[in-house]
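*Asks:* Please find the sequence and the predicted model below.
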Amino acid sequence: MLEKFFQLNKIGKELGLSKKEINKVLIFGNRKHTLLYKSLLIISFIFFGIIIIILGLEASRNTYAAGTFYSTVKIKDFNKKK
């Protein structure tokens, strides 16, 4: 990918374009597509955020308030010590 970037930079300089014009072409110069990409980015952030929240809730259901898992507490732990 870097090779393509350097190649586009070289072609732009050979055509006499300024650095600003070359960067404008590389970074979504077309306004129609920027709106599409921004909306997809926002939707993907929301989607991954919801997944992280759901996974966090599922993981926290199997622990006591002290942070120990249910499986670590056994009946023999409650027997009287002699």
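*Replies:* Yep, it's here.
*Asks:* can you list the residues that contact the helix or strand of the chain with the lowest mean pLDDT?
*Replies:* Here the helix or strand of the chain ranked lowest by mean pLDDT, DSSP states H and E is helix 19-26, holding a mean of 75. For helix 19-26, the surrounding residues in contact (CB atoms under 8 Å, 6 or more residues apart in numbering) are 5, 8-9, 12-13. Every C-beta, even on glycine, is put in place using the N, C-alpha and C of the backbone.
*Asks:* Out of these, which sit inside strands?
*Replies:* Under the assignment DSSP state E, the contacts of helix 19-26 contribute nothing to strands.
*Asks:* For the least confident helix or strand of the chain, buried residues please.
*Replies:* By 16 or more other CB atoms under 10 Å, the buried positions in helix 19-26 come out as Ile22.
*Asks:* Could you identify the longest helix within the chain?
*Replies:* Ranked by number of residues, the top helix in the chain under DSSP state H is helix 31-60.
*Asks:* now for it, which elements pack on it?
*Replies:* Packed against helix 31-60, as judged by 3 or more CB pairs under 8 Å, 6 or more residues apart in numbering; DSSP states H and E, are no other helices or strands.
*Asks:* Count the residues that sit near Ile75.
*Replies:* The tally of other residues near Ile75 (other CB atoms under 10 Å) stands at 6.
*Asks:* Quickly note the distance from it to Leu15.
*Replies:* Computed as CB to CB, to the nearest Å, the Ile75 to Leu15 distance reads 79 Å.
*Asks:* ok, back up a step: can I get the least confident helix or strand of the chain in CSV, CA atoms only?
*Replies:* The C-alpha trace of helix 19-26 is given here as CSV (Å, rounded to 0.1, in the frame of the first residue of the first chain):
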residue,chain,number,x,y,z
LYS,A,19,1.2,18.6,-2.3
LYS,A,20,-2.2,19.9,-1.2
GLU,A,21,-3.8,18.8,-4.5
ILE,A,22,-2.2,15.3,-4.2
ASN,A,23,-3.5,14.9,-0.6
LYS,A,24,-6.9,16.1,-1.6
VAL,A,25,-7.1,13.3,-4.2
LEU,A,26,-5.9,10.7,-1.8
